[in-house]
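# kindly return the folded structure for what I paste below:
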Amino acid sequence: MMKGLMGDFKFKKHYLAEIDHVGEKLKSWSWDIYIAANDKQEYRGKALAPGQGIEIPWTPIGENILEEMMALCEQQMPKHP
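So this is what the prediction gives:
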């Protein structure tokens, strides 16, 4: 359970996502995506890209949890070729 500024959130799901990065050549990145929720059905997501050194901290997300988290991951990818 995560407490403090985020309130009481409990870990709910873990996803392993493969997202294609289109740069000079096509390369897939693996992302570990973590989802937490509270009793009010508010969601937070966090993501890590192992081997890339990128972490998206706990972030408020809506009901399309996986889609929103994957979009956040994709936004980080062009910054790190």
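# CA only for contacts and neighbour counts going forward, please
Noted.
# okay, and the beta partners of residue 15?
Residue 15 forms beta bridges with residue 33, as assigned by DSSP bridges.
# ok, it - contacts?
31-34 (C-alpha atoms under 8 Å, 6 or more residues apart in numbering).
# against residue 9, how distant is it?
Distance of residue 15 to residue 9, given as C-alpha to C-alpha, to the nearest Å: 18 Å.
# swap in residue 52?
27 Å.
# and the residue most central in space within the chain, how far from residue 26?
Nearest to the mean C-alpha position of the chain, counting by C-alpha atoms, centre = their mean, stands residue 47 at 3.2 Å. According to C-alpha to C-alpha, residue 47 stands 21 Å off from residue 26.
# how about residue 59?
For residue 59 relative to residue 26 (C-alpha to C-alpha), the value is 28 Å.
# if you count surrounding residues, which of the two has more?
Shown here are residue 59 and residue 26; by other C-alpha atoms under 10 Å, residue 59 has more neighbours (15 against 9).
# so which strand or helix has the more buried one?
Using DSSP states H and E, the element containing residue 59 is strand 54-61.
# can you give me the mean pLDDT across the next helix or strand along the chain from that strand?
On the C-terminal side of strand 54-61, the nearest following helix or strand under DSSP H and E is helix 65-76. Summarised as a single mean, pLDDT over helix 65-76 is 94.
# related to what we said a few turns ago, direction included, what does the strand holding residue 59 pair against?
Here, using DSSP bridges, strand 54-61 pairs with strand 43-49 (antiparallel).
# for residue 43, see how far away the closest residue to residue 30 other than its chain neighbours is.
Sequence neighbours aside, residue 18 is the residue nearest to residue 30 in space, at 4.6 Å (criterion: C-alpha to C-alpha, 6 or more residues apart in numbering). To residue 43, residue 18 is 22 Å away according to C-alpha to C-alpha.
# between the two, which one's more packed in?
Using other C-alpha under 10 Å, the more surrounded residue of residue 18 and residue 43 is residue 43, with 22 against 14.
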